[in-house]
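# can you look at this prediction? I've put the sequence above it.
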Amino acid sequence: MGEFDYYDGKILHVAGDAIRAEGDKWKDMSGDMAKVAETTKTLWLTPGAFMVADPWAGPAVSVDQFKIYDDVHQLLCSLFDGATAEFAQLDKALHKLAKEYEESDERTYINISDIYKA
């Protein structure tokens, strides 16, 4: 069994490609989450959906329940928008990481080669 060539260009590209593939997964998830976020924004209820049959308590109950519903709906919309942005940022970061990884290892290889040749 021979020594492992850590600086083989094929190895670096395989690692970089794997990191980019992981980034692509996050990009896809960002797109999926964007669809969830947009759909969630279009799905909403009116205060009338929370009415009860009691003529005195009905309006007050519906207003209170609608307020809670609306707060949760806004929170979910915000979280879904945030996830969309975060997932897209992860994709970009992983692609940048792959590039930096390959470039830094290539620089290291060159520097080490110069030292050994001296």
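Structure received. Numbering: from 1, shown residues only.
# quick check: pLDDT value at the residue positioned nearest the centre of the chain.
In the chain, the residue lying closest to the centroid (C-alpha atoms, centre = their mean) is residue 87, at 1.4 Å. Residue 87 is assigned 97 on the pLDDT scale.
# who's in contact with the nearest residue to it once chain neighbours are set aside?
In space, and not counting its chain neighbours, residue 87 is closest to residue 30: 3.6 Å by C-beta to C-beta, 6 or more residues apart in numbering. All C-beta atoms are positioned from the backbone trio N, CA, C, and that covers glycine. By C-beta atoms under 8 Å, 6 or more residues apart in numbering, the residues touching residue 30 are 83, 84, 85, 87, 88, 91.
# which among those end up buried?
83, 84, 87, 88, 91 (16 or more other C-beta atoms under 10 Å).
# where are the low-confidence patches of the protein?
Applying pLDDT under 70 to the chain picks out residues 1-2, 4, 6-12, 58, 105-118.
# can you show me the helices along this structure?
9-42, 58-117 (DSSP state H).
# just put those in CSV and tack on distance to residue 51.
Formatted as CSV, the helices of the chain follow (distance: least, C-beta to C-beta, whole Å):
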stretch, distance to residue 51
helix 9-42, 22
helix 58-117, 5
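# what about residue 37, how many residues nearby?
19 (other C-beta atoms under 10 Å).
# when you give positions from now on, start the count at 34
From this message on, residue numbering opens at 34, which makes the last subject residue 70.
# quick check: it touching residue 118?
No - in terms of C-beta atoms under 8 Å, residue 70 does not count as a neighbour of residue 118; the distance is 9.8 Å.
# overlap in contacts of these two?
Listed contacts common to residue 70 and residue 118 are nil; contacts here mean C-beta under 8 Å, 6+ apart.
# hmm, who's touching stretch 99-119?
The contact list for stretch 99-119 (C-beta under 8 Å, 6+ apart) reads 63, 66-67, 69-70, 73-74, 77-80, 82-83.
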